[in-house]
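Asks: Sequence plus the predicted model coming up.
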Protein chains: 4
Amino acid sequence: MSEQDLDDLKRELREFARARDWEQFHSPKNLSMALSVEAGELVEHFQWVTEEQSTRLDAEKHAAVASEMADIFIFLLRLADRLEVNLMEATRHKITLNHQRYPEDKVKGSSKKYNEYK
Amino acid sequence: MSEQDLDDLKRELREFARARDWEQFHSPKNLSMALSVEAGELVEHFQWVTEEQSTRLDAEKHAAVASEMADIFIFLLRLADRLEVNLMEATRHKITLNHQRYPEDKVKGSSKKYNEYK
Amino acid sequence: MSEQDLDDLKRELREFARARDWEQFHSPKNLSMALSVEAGELVEHFQWVTEEQSTRLDAEKHAAVASEMADIFIFLLRLADRLEVNLMEATRHKITLNHQRYPEDKVKGSSKKYNEYK
Amino acid sequence: MSEQDLDDLKRELREFARARDWEQFHSPKNLSMALSVEAGELVEHFQWVTEEQSTRLDAEKHAAVASEMADIFIFLLRLADRLEVNLMEATRHKITLNHQRYPEDKVKGSSKKYNEYK
């Protein structure tokens, strides 16, 4: 994901909000709430199905899930724009950190959190 | 964000999970839970601050928030990988839909949901 | 749960907040955020375990889960206090509504939402 | 809230689930997801309003919020039933712990988390 491409999408979403005079609502606080609401709508699609069923969604459900994922990404980009967070840089940094926190030989096959290892 | 770049990041995260034998835990159901947990950790940074305070975070808080955003993006990409969802395509589609649902002249300055308009 | 008992607990939590000058932070908006953050902490305990494993938690995990449930209940009662919502009355009303929405013969063994039935 | 009253409500909700053959869906894992989904629906009512606006909801919004709070309480009680958690006892225990974690003179007027104090 080139930062240029990411900036283009952020700019498009910013213009969409500005054209509707919605930036007054888009404080980081409110955007974090909106993102969590969309995360809840994503979870709703999976709450009563088994893990196995969640791997083979029918076309209608798959489209609905993709739509919730898009909403989450949109609010994540809006928040990155308002807070001037470089999402790609932050993600690269986190992946590097995870390599240190979760060395293969130590965590293989375990779902423990990094601070739960002795 | 070129789809090629996005595919590279998805592949890197897939390899990270495979090398740790974590794909057994990464069902779409579980990944939706993990994403919502990270969304909650994002909200935690904003729950007691005012909207105005949320626009000017100190360096430490800003870095912590960026780190939570990265976690959300990582699980969003893992989920897109497991469900074979084209996140960019889904986002472009949603933005187009939002242009239809929220015509400027109709929604200007209003935070109502598209289905709340008479 | 007698409403008297519920009022006692709400009053105790209100006094706890007042004694710490915390009511300034406890707007319904902020309390809804805090409740959702605690819900995320609850989900975190279950995100990587199977449904079967979630039915038999070890003592330490069971205590941690009970503690998150208490946090959720505390913020739910704080919100009920701030909004003057009668939680017992609202719950009784919802159960009655659910009896109408989900008649036994119609929904038996199905996890569909009431508005998904033809 | 007498434990007897609480047990009555838990039993009523258990019977409601059993009569619909829904206990198969009500694993602690799934109930934690359902609770978090309802928490998201609660937050949705507050995401674009100011803290001040959240203190004075119109009758329709107030009823909708009370309904979401009831859903959260219902899933919290279902989870307490499935995990055999004594919600009142856990809440009393947490309140006692909070008195120790947040001594009045130390935290007055501050929204810091107990582990953020020097």
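Replies: Alright, I've got the coordinates.

Asks: So which residues on chain A come close to chain C?
Replies: A:33, A:36, A:40, A:48, A:49, A:50, A:51, A:111 (CB under 8 Å from any CB of the partner chain). From N, CA and C alone the C-beta is placed, and that goes for glycine too.

Asks: Tell me the predicted confidence for the last one.
Replies: In other words, residue A:111. Note on residue A:111: pLDDT of 87.

Asks: tally of neighbours for it?
Replies: 15 (other CB atoms under 10 Å in any protein chain shown).

Asks: Number of residues surrounding residue A:7?
Replies: The tally of other residues near residue A:7 (other CB under 10 Å) stands at 15.

Asks: coming back round to it: could the residues of chain A next to chain C go into TSV alongside distance to residue B:78 and secondary structure?
Replies: Converted to TSV, the residues of chain A next to chain C look like this (distance: CB to CB, whole Å; DSSP: H, G, I helix; E, B strand; the rest coil):
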residue	distance to residue B:78	secondary structure
A:33	23	helix
A:36	18	helix
A:40	18	helix
A:48	22	coil
A:49	18	coil
A:50	19	coil
A:51	14	coil
A:111	14	coil
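
Asks: now these: which count as buried?
Replies: Buried subset of the residues of chain A next to chain C (neighbour count, 16 or more other CB atoms under 10 Å in any protein chain shown): A:33, A:36, A:40, A:48, A:49, A:51.

Asks: coming back round to it: which members of the residues of chain A next to chain C define the maximum pairwise distance?
Replies: Taking CB to CB as the measure, the residues of chain A next to chain C span a maximum distance of 30.3 Å, between A:33 and A:50.

Asks: that older thread, any chance of the buried ones among the residues of chain A next to chain C in JSON lines, with pLDDT and distance to residue D:26 too?
Replies: Conversion of these to JSON lines gives the following (pLDDT from 0 to 100; distance: CB to CB, whole Å):
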{"residue": "A:33", "pLDDT": "98", "distance to residue D:26": "28"}
{"residue": "A:36", "pLDDT": "98", "distance to residue D:26": "24"}
{"residue": "A:40", "pLDDT": "98", "distance to residue D:26": "19"}
{"residue": "A:48", "pLDDT": "97", "distance to residue D:26": "9"}
{"residue": "A:49", "pLDDT": "97", "distance to residue D:26": "13"}
{"residue": "A:51", "pLDDT": "98", "distance to residue D:26": "16"}
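
Asks: ok, of these, which one's closest to chain D?
Replies: Distance to chain D across those (CB to the nearest CB) is lowest for residue A:40, with 2.2 Å.

Asks: Tell me which residues touch that closest one, please.
Replies: Shown in contact with residue A:40 (CB atoms under 8 Å, 6 or more residues apart in numbering or on different chains): B:36, C:36, D:36, D:37, D:39, D:40, D:41, D:43.

Asks: Among these, which one lies nearest to residue A:24?
Replies: Proximity of the contacts of residue A:40 to residue A:24 (CB to CB) peaks at residue D:43, which lies at 19.1 Å.

Asks: Can you report how many residues lie near the closest one?
Replies: 24.

Asks: What of residue A:98?
Replies: 16.

Asks: swap in residue A:80?
Replies: A count of nearby residues for residue A:80, using other CB under 10 Å, gives 24.

Asks: I'd guessed it sits against residue B:69; true?
Replies: Yes: in this structure residue A:80 lies within contact range of residue B:69 using CB atoms under 8 Å: 6.5 Å.

Asks: Now do the shared contacts for those two.
Replies: Contacts common to residue A:80 and residue B:69, judged by CB under 8 Å, 6+ apart, are residue A:87.

Asks: near chain D, anything from stretch A:31-39?
Replies: Yes: on the criterion CB under 8 Å from any CB, stretch A:31-39 is in touch with chain D at A:33, A:34, A:36, A:37, A:39.

Asks: err, stretch A:13-27, not the other one
Replies: Yes: applying CB under 8 Å from any CB, one finds stretch A:13-27 touching chain D at residue A:25.

Asks: likewise stretch A:105-118?
Replies: No: under the criterion of CB under 8 Å from any CB, chain D is not reached by stretch A:105-118; the shortest gap measures 13.2 Å.
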